[in-house]
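Undergrad: Pasting the sequence and the predicted model now:
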Amino acid sequence: MNGKGEPKLIFPGLAGFYESMLPVAATLVRVVVGIMFLMHDWAKFKAGAARIASNFGTNYGLPMPDLFAYTAMGLELVGGVCLIIGLFTRFFAAALAVEMGIALIVAHLPKGYSVGAGGYEYVLLIGVVLLAIAMRGGGPYSVDRMIGKEL
């Protein structure tokens, strides 16, 4: 932890605590991001696929808006659950990061940075967090670890 160029802890006795809590912190981030997708997806299900497809086609000019709507809704539902339990974590984190990239470019980039104005602030943050989850995997508190395999 205190290799060359790394800062020294003011309270070195905390090093063991920080190191032991890293898997818990990573799990917490993975679970919370999964819950966020489920909550976000719930709003889509309440609105209905037809309304989401209409929005994708009319407002964002996406081709095959029905396909995009059903794909997004399915990916966010299954991906959110899989992130929460840590199953196929790398795959779903990467797939959701791609979805966030599409959302950033198609829907949010033209509106600027601020999430309050519909900008890309939120999708950029979630996309980068998803990439980090994809690189790290499910971690020790995951179904991936329990079955001993991951993508």
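TA: Noted; the coordinates are in hand.

Undergrad: hey, C-alpha coordinates of the helix or strand that contains residue 52 in CSV?
TA: Using DSSP states H and E, the secondary-structure element containing residue 52 is helix 49-58. Once non-C-alpha atoms are left out, helix 49-58 reads as follows in CSV (Å, rounded to 0.1, in the frame of the first residue of the first chain):
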residue,chain,number,x,y,z
ALA,A,49,-42.9,-0.1,-24.1
ALA,A,50,-45.0,1.8,-26.8
ARG,A,51,-44.4,5.1,-25.1
ILE,A,52,-40.7,4.4,-24.7
ALA,A,53,-40.4,3.3,-28.3
SER,A,54,-42.2,6.5,-29.4
ASN,A,55,-39.8,8.6,-27.4
PHE,A,56,-36.8,6.8,-28.8
GLY,A,57,-38.1,7.2,-32.4
THR,A,58,-39.5,10.7,-32.2
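
Undergrad: average pLDDT for it?
TA: Per-region confidence: helix 49-58 scores 94 on mean pLDDT.

Undergrad: buried stuff in it?
TA: Going by neighbour count (16 or more other CB atoms under 10 Å), the buried part of helix 49-58 is 49, 52, 53, 55, 56, 57. Glycine gets a C-beta too; all of them are placed from N, C-alpha and C.

Undergrad: Stretch 8-27 now?
TA: Within stretch 8-27, the residues that count as buried by 16+ other CB under 10 Å are 26, 27.

Undergrad: can you pull the contacts of residue 59?
TA: By CB atoms under 8 Å, 6 or more residues apart in numbering, residue 59 lies in contact with residue 107.
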